[in-house]
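In: need a structure here:
(chains A and B)
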Amino acid sequence: MDPRNLLPTSLLDEFPILKQTINGRPLVYLDNAATVQKPECVLNAVDHYYRTDNANVHRGVHTLSQRATDSFEAAREQLRMHLNAAHTHEILWTRGTTEGVNLVAHGFRTFLQPGDALVVSTLEHHSNLVPWQMLAQATGAELRFIPLLDDGSLDQDAYLELLDRRVKLVAFNHISNALGTVNPVQSMTAAAHQVGAAVFVDGAQAVPHSTVDVQALDVDFYAFSGHKMYGPTGMGVLYGKTEWLERLPPYMGGGEMIDQVRLEGSTYAGLPFKFEAGTPHIAGAIGLAEASRWMHRVGLERIARHEDELLRYATAKLQTVDGIRLYGTAAHKAAVISFNLDGAHPYDVGMLLDQMGIAVRTGQHCTQPIMDRYGIPGTVRASLAAYTTVEHLDTLVDGVQKAARMLL
Amino acid sequence: MSPIEQDIVDEFDLFDDWLAKYDHLIALGKELPPLEAAHKNDDNLIRGCQSKVWLYAECPNGLLHFTADSDAIITRGMVALLLRVVQNRPAEEVAREPFAFLNAIGLTSHLSPTRANGLASMVKQIKFYALAYAANE
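Out: The predicted model follows:
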């Protein structure tokens, strides 16, 4: 195979943090599933906002407040376009994916009762599992789990058997953070809708790597984090279909989310403000919108193809290392390679790679049930971004080979 | 620093780069005497490590004797270093041990409680045993 960088390596120049040495070696950052680095334009957008436009939004009549509000709401429109949502008010700002899951899970407390059921996949990050456990506990609803096949894909036959009229909500991820499996969101959603269940999708690992069209997928809720798609930390998006967001009760009370406030009770603001109590993360929204524009300038399809090419290249090359075992070998995968060296703890491999300037994640990746399923303490995970190059992956494979020689 | 600690520092000075130092830690980890299966239980498991660490202590004749194990080899190497310093010493002495050699060989950066390797938790558990046995005497 001819390894090619489909994106120019000059993309790296836009990321100041990547131009440093770690332990005397040039940094090779392959922990992108945890968080990605930010391009110069995103840093500048946040900096510019604080230097020139900072004011509270939706309140003041003064010019700064108007400018801040305009940028803030333009950011929402940018993210609507990014997801191809039908309406701008379907884009709710959150602190990240986790808050999106909790907002929906909390709201569903008013919809569920004993005898109802929730279906959750066993491929989930703890953040798309624990809130549903809490919801089940609070309402007496039953939790049903979609099992995992050996290759790291969800057992679709078993999933269909779990669905019946008692199921009110189905939750699963678009792409697995631990194994890289891409789930068939469209068909899983259609099946859930057949029994009248709502569908919640954790898109944290999908939005950075692919084109997501929430109308084509027909999901009811779709949550993701800004910091995994080249934007600031502490900023995320929850997409919800209008009819669901109108039914769902507010998650937090406070300023900004109300219509009329009397001592004996209040009425709530319309969408999206009903869900946005308090002063929002204005700089975060502006930075995230710039990240979205940056991704579009580079090209969403080009990023996806570049990363697919690198994933195939790295997978093939890593397989030549003696004693390596890959986890997650589904036919449809994206941006994540999880592996262990037989007889070595993932922690040992990660420590040695760090000494060589290579940043990978080791451990359970907040997915303990998946590690239990394979009977392992964790894995070493290398994850890709638009700025990853063939040279980075060659360094990784050399590093893993060196670690294998030292440890095995 | 005790003569044993000075030995460790001299040993690590022989290696000029960090990979070689880790190679040495791995070798020490491989040499660590095994922990009896009976003591490899949840009671002796140290929390706060990404890898599992078991630490067991006895105090015959007023001198502490530790045995330990880990499922990660570099962690075993770190445990081996700590044990070399505290092995067969009076409990009240170990309770006050500053482990100065860790700084001298550049391992202090691993001592931060937020580091996933749990070196700080191991030090804490060693002192916990020492304090418990010292109080019993």
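In: these two touch, right, A:Val390 and A:Leu7?
Out: No. Because the distance of 10.9 Å does not satisfy Cβ atoms under 8 Å, A:Val390 is recorded as not touching A:Leu7. Every C-beta, even on glycine, is put in place using the N, C-alpha and C of the backbone.
In: Next, the contact list for A:Glu311, please.
Out: In this structure residue A:311 is Leu, not Glu. The neighbourhood of A:Leu311, defined by Cβ atoms under 8 Å, 6 or more residues apart in numbering or on different chains, consists of A:180, A:333-337, A:384.
In: Which positions in the longest helix out of those in chain B come out as buried?
Out: What stands out as the longest helix in chain B, according to DSSP state H, is helix B:119-136. Residues B:119-123, B:125-127, B:129-130, B:133-134 are the ones in helix B:119-136 that count as buried (16 or more other Cβ atoms under 10 Å in any protein chain shown).
In: that older thread, for the contacts of A:Leu311, give me JSON lines that also has distance to chain B and secondary structure.
Out: As requested, these are arranged in JSON lines below (distance: Cβ to the nearest Cβ, whole Å; DSSP: H, G, I helix; E, B strand; the rest coil):
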{"residue": "A:Gly180", "distance to chain B": "21", "secondary structure": "coil"}
{"residue": "A:Lys333", "distance to chain B": "25", "secondary structure": "strand"}
{"residue": "A:Ala334", "distance to chain B": "26", "secondary structure": "coil"}
{"residue": "A:Ala335", "distance to chain B": "23", "secondary structure": "coil"}
{"residue": "A:Val336", "distance to chain B": "19", "secondary structure": "strand"}
{"residue": "A:Ile337", "distance to chain B": "19", "secondary structure": "strand"}
{"residue": "A:Leu384", "distance to chain B": "23", "secondary structure": "coil"}
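In: can you tell if the longest helix of chain B touches chain A?
Out: No. Using Cβ under 8 Å from any Cβ of the partner chain as the criterion, no contacts between helix B:119-136 and chain A are found, and the smallest distance is 11.5 Å.
In: Render the CA-only coordinates of that helix in PDB, please.
Out: Coordinates of the C-alpha atoms in helix B:119-136 are reproduced here as PDB (Å, rounded to 0.1, in the frame of the first residue of the first chain):
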ATOM      1  CA  LEU B 119       3.600   5.700  43.200                       C
ATOM      2  CA  ALA B 120       2.200   8.200  45.700                       C
ATOM      3  CA  SER B 121      -0.400   5.600  46.800                       C
ATOM      4  CA  MET B 122       2.400   3.000  47.300                       C
ATOM      5  CA  VAL B 123       4.400   5.300  49.500                       C
ATOM      6  CA  LYS B 124       1.300   6.100  51.500                       C
ATOM      7  CA  GLN B 125       0.500   2.400  52.000                       C
ATOM      8  CA  ILE B 126       4.100   1.600  53.100                       C
ATOM      9  CA  LYS B 127       3.800   4.400  55.700                       C
ATOM     10  CA  PHE B 128       0.400   3.200  56.700                       C
ATOM     11  CA  TYR B 129       1.800  -0.300  57.500                       C
ATOM     12  CA  ALA B 130       4.800   1.300  59.300                       C
ATOM     13  CA  LEU B 131       2.600   3.500  61.500                       C
ATOM     14  CA  ALA B 132       0.200   0.600  62.300                       C
ATOM     15  CA  TYR B 133       3.100  -1.700  63.400                       C
ATOM     16  CA  ALA B 134       4.900   1.200  65.300                       C
ATOM     17  CA  ALA B 135       1.700   1.800  67.300                       C
ATOM     18  CA  ASN B 136       1.400  -1.800  68.200                       C
END
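In: Now do that helix: which elements does it pack against?
Out: Applying 3 or more Cβ pairs under 8 Å, 6 or more residues apart in numbering or on different chains; DSSP states H and E, we find helix B:119-136 packed against strand B:45-46, strand B:53-58, helix B:73-86, helix B:91-95.
In: Note down every partner strand of the first one and its orientation.
Out: In its sheet, strand B:45-46 lies beside strand B:53-58 (antiparallel), with partners assigned from DSSP bridges.
In: and the strand it pairs with, how far from the chain's centre?
Out: Relative to its chain's centre, strand B:53-58 lies at 10 Å (Cα atoms, centre = their mean, to the nearest Å).
In: cool, and stretch A:25-33?
Out: Taking Cα atoms, centre = their mean, the mean C-alpha location of stretch A:25-33 is offset from the chain mean by 19 Å.
In: which residues are contacting that stretch?
Out: Under the contact criterion Cβ under 8 Å, 6+ apart, stretch A:25-33 has outside partners A:18, A:20-21, A:37, A:177, A:205, A:208, A:228, A:335-336, A:356-361, A:365, A:381-385, A:388, A:392, A:395-396.
In: got it, and stretch B:43-56?
Out: Outside stretch B:43-56, the residues within contact range by Cβ under 8 Å, 6+ apart are A:345, A:347-348, A:362-363, A:377-378, B:35-36, B:39-41, B:66-72, B:75, B:79, B:113, B:116-118, B:120-122, B:125-126, B:129.
In: Now do it: distance from first to last residue.
Out: For stretch B:43-56, the first and last residues are 9 Å from each other (Cα to Cα, to the nearest Å).
In: Could you do stretch A:222-235 as well?
Out: The stretch stretch A:222-235 measures 15 Å between its terminal residues, going by Cα to Cα.
In: In three-state terms, label the closest residue to A:Thr279 other than its chain neighbours for me.
Out: Distance criterion Cβ to Cβ, 6 or more residues apart in numbering or on different chains; nearest residue to A:Thr279, sequence neighbours excluded, is A:Asn56 at 5.8 Å. The assignment at A:Asn56 comes out as coil when based on DSSP: H, G, I helix; E, B strand; the rest coil.
In: A:Asn56: neighbour count?
Out: With neighbours defined by other Cβ atoms under 10 Å in any protein chain shown, the count for A:Asn56 comes to 16.
In: you'd agree it is up against A:Gln66?
Out: No. Contact between A:Asn56 and A:Gln66 fails when scored by Cβ under 8 Å: they sit 11.2 Å apart.
In: Surely A:Leu326 is within a strand?
Out: Yes. Applying three-state DSSP, one finds A:Leu326 inside a strand.
In: show me the contacts for the closest residue to it other than its chain neighbours.
Out: Setting aside the residues directly before and after it, A:Leu326 is nearest to A:Phe339 in space (Cβ to Cβ, 6+ apart), at 4.9 Å. Residues counted as contacts of A:Phe339 (Cβ under 8 Å, 6+ apart) are A:318, A:324-327, A:379-380, A:382, A:400.
In: again, 10 Å this time
Out: A:315, A:318-319, A:321, A:324-328, A:346, A:349, A:360, A:379-382, A:400 (Cβ atoms under 10 Å, 6 or more residues apart in numbering or on different chains).
In: Can you tell me which of those residues are buried?
Out: Among the contacts of A:Phe339, those that count as buried by neighbour count (16+ other Cβ under 10 Å) are A:315, A:318, A:321, A:324, A:327-328, A:346, A:349, A:360, A:379-382, A:400.
In: which one among the residues you listed gets closest to chain B?
Out: For the buried ones among the contacts of A:Phe339, the residue nearest chain B by Cβ to the nearest Cβ is A:Pro346; the value is 8.3 Å.
In: State the pLDDT value of that closest one.
Out: With respect to pLDDT, A:Pro346 scores 94.
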